[in-house]
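*Asks:* Sharing a model that was predicted from the sequence below.
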Amino acid sequence: MKRILPLIAAFALLTGCNDQIIVTDVFGEQPVTEGEEPTTEESTFSQEQLDDIKDRYSDKLDIPDYEDETEPPAEPESEPETETEPETEEATEEKFVPPPTPEIPEMIYYIDVPFTNQDDYPTGCELVSTSMLLNFYGFEISPADLIEEGYMDVVEVTLDDDNVLHAGDPNEAFIGDPYDSHGYGCYSGAVLKALNRVLEDEFYDAVNLSGLSLSDLCMEYIDYGTPVMIWASLNMAETEVKEENTWIIDETGEEFTWVSNEHCMVLVGYDDDFYYFQDPTAGSATVYERTLADHRYEELGRQAVAISPWDE
């Protein structure tokens, strides 16, 4: 109301005080004559009279109703900040973070070939591996069946009068007795002959993959679900060539020396660092480091055999 009254007073002066409004009374002041000191009195207008004055002159003056003016909208309240508890000395200390658990290498491919150990065949790892390969394709043939059914030729080792050993070609037959710890074994040629006999009337072929690296065998066969029988050494141990393991091949008269620690197994999978084998002595899915296995495989002449189904 204090902002309205000066406007009312000004209007009264301009209109010649027609309504006899005493401006000095409105402000509580008396007119001042020159040389006199101003005196102040309390206004004689009641609130009701002041409201009446406002109503009477509101149509003549553009007087805003400040008393009824809507207050400007309040600024939106900001979300209260979440108080964070002061860090204690323990919290500020560096927390121990355990090292990550090493991840088991993810297999690129693994073939679930039925496993057979060679407990009953001390030197018959080739027979056991051949049997596992056949079992994978549904042929129920045991290591013993390969001999008893005549699929694998077996040649005994003999000693002549000059103490010279005589035997056959390990690429043609199994040398020695697989049930005896003093037997020898055979190479890929003998296994191929045995497989061809088994698969003669079947829709499968025995395939000679000798010469391919283990890495190539993985990419070209393991990746496509084809297990491969390979030759390396027992437990990937160092191979040896000993004079006492030398004999004369009767059919050709040639001298041949057997590689000690020779071993046969089925390659079934691999990853970046390892090859996986069905190893007749070590167990199913036996892991060998790739570089070492490559080396032993090279020492046995990169021998490899597989079974290939006919295209439908």
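*Replies:* Thanks, I have the structure now.

*Asks:* Give the closest residue to F274 in space, chain neighbours not counted.
*Replies:* Spatial nearest neighbour of F274, chain neighbours left out: V287 (4.6 Å); criterion: Cβ to Cβ, 6 or more residues apart in numbering. All C-beta atoms are positioned from the backbone trio N, CA, C, and that covers glycine.

*Asks:* for D294, same thing?
*Replies:* That would be L214: by Cβ to Cβ, 6+ apart, it lies 5.6 Å from D294.

*Asks:* contacting residues around the one you found?
*Replies:* Listed by Cβ atoms under 8 Å, 6 or more residues apart in numbering, the contact set of L214 reads 230, 267, 270, 275, 290, 293-294, 297.

*Asks:* ok, it to A293 distance?
*Replies:* Look at L214 and A293: by Cβ to Cβ, to the nearest Å, they are 6 Å apart.

*Asks:* N208 now?
*Replies:* From N208 over to A293 (counting by Cβ to Cβ), the distance is 20 Å.

*Asks:* Which one's more surrounded, the two?
*Replies:* A293 (22 against 15; other Cβ atoms under 10 Å).

*Asks:* can you tell me the helix or strand for the more buried one?
*Replies:* helix 290-299 (DSSP states H and E).

*Asks:* The next helix or strand along the chain from that helix - contacts with which helices or strands?
*Replies:* Counting by DSSP H and E, the next helix or strand C-terminal to helix 290-299 is strand 304-309. If contacts are counted by 3 or more Cβ pairs under 8 Å, 6 or more residues apart in numbering; DSSP states H and E, strand 304-309 sits against helix 125-136, helix 188-198, strand 204-208, strand 228-233.

*Asks:* re earlier: take the contacts of L214 and lay them out in JSON lines including pLDDT.
*Replies:* Formatted as JSON lines, the contacts of L214 follow (pLDDT from 0 to 100):
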{"residue": "I230", "pLDDT": "98"}
{"residue": "L267", "pLDDT": "98"}
{"residue": "Y270", "pLDDT": "96"}
{"residue": "Y275", "pLDDT": "97"}
{"residue": "R290", "pLDDT": "98"}
{"residue": "A293", "pLDDT": "98"}
{"residue": "D294", "pLDDT": "98"}
{"residue": "Y297", "pLDDT": "98"}
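
*Asks:* just these now: which is nearest A190?
*Replies:* Of all the contacts of L214, I230 has the smallest distance to A190: 14.7 Å, by Cβ to Cβ.

*Asks:* ok, now how distant is that closest one from G150?
*Replies:* 25 Å.

*Asks:* now swap in E251 and tell me
*Replies:* 19 Å.

*Asks:* do T291 as well
*Replies:* For T291, the distance to G150 - Cβ to Cβ - is 40 Å.
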